[in-house]
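*Asks:* What would the 3D arrangement of this be:
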Amino acid sequence: MIKYENNIGSIRARGQIKIVQDLPTKEMLSKAIPFFDGYWQSYTDPEFALLKLSIQKFEVQSPYDKKFYYFNLD
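*Replies:* Numbers count the residues shown, from 1 in each chain. The predicted structure follows:
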């Protein structure tokens with residue numbers, strides 16, 4: 001959400017998403033996320049899903065003029 005005075009805009013990202021199964025990566029991130037222990041028991045918890053988003057496109061709605069702007073990254 002982007003806010004300017006009483007107007008609200010937004011930023012959206014589109015792309016390909018993959019589930020990360022690599023345990024060393026999940027362990028590293030579990031130690032780096034301050035709130036991790038509040039949601040999961042460990043990085044091997046089956047409820048902990050790590051997703052990698054490769055962004056291909058941004059869509060921005062400006063709070064200034066309410067128009068949509070598109071940015072392609074591929």
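*Asks:* Wait, a helix at Lys31?
*Replies:* Yes - checked against DSSP: H, G, I helix; E, B strand; the rest coil, Lys31 lies within a helix.
*Asks:* Just list the residues touching it, thanks.
*Replies:* Lys31 makes no contacts at all, as judged by CB atoms under 8 Å, 6 or more residues apart in numbering. Backbone N, C-alpha and C define where each C-beta goes, glycine included.
*Asks:* So in the chain, which strand runs the longest?
*Replies:* strand 7-20 (DSSP state E).
*Asks:* pLDDT (mean, whole number) over it?
*Replies:* Regarding strand 7-20, the rounded mean pLDDT is 94.
*Asks:* Buried residues in it, which are they?
*Replies:* Using 16 or more other CB atoms under 10 Å as the burial criterion, the residues of strand 7-20 that qualify are Gly9.
*Asks:* C-alpha coordinates for it, CSV please?
*Replies:* Taking C-alpha atoms only, strand 7-20 is exported to CSV below (Å, rounded to 0.1, in the frame of the first residue of the first chain):
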residue,chain,number,x,y,z
ASN,A,7,-5.3,8.7,-1.2
ILE,A,8,-4.2,5.1,-1.4
GLY,A,9,-2.3,3.3,-4.1
SER,A,10,-0.7,-0.1,-4.3
ILE,A,11,2.3,-2.1,-5.6
ARG,A,12,1.8,-5.6,-7.0
ALA,A,13,4.4,-8.0,-8.2
ARG,A,14,3.9,-10.9,-10.7
GLY,A,15,6.2,-13.7,-11.5
GLN,A,16,7.2,-17.3,-11.1
ILE,A,17,7.1,-18.9,-7.6
LYS,A,18,8.9,-22.0,-6.4
ILE,A,19,8.9,-23.8,-3.1
VAL,A,20,12.4,-23.9,-1.6
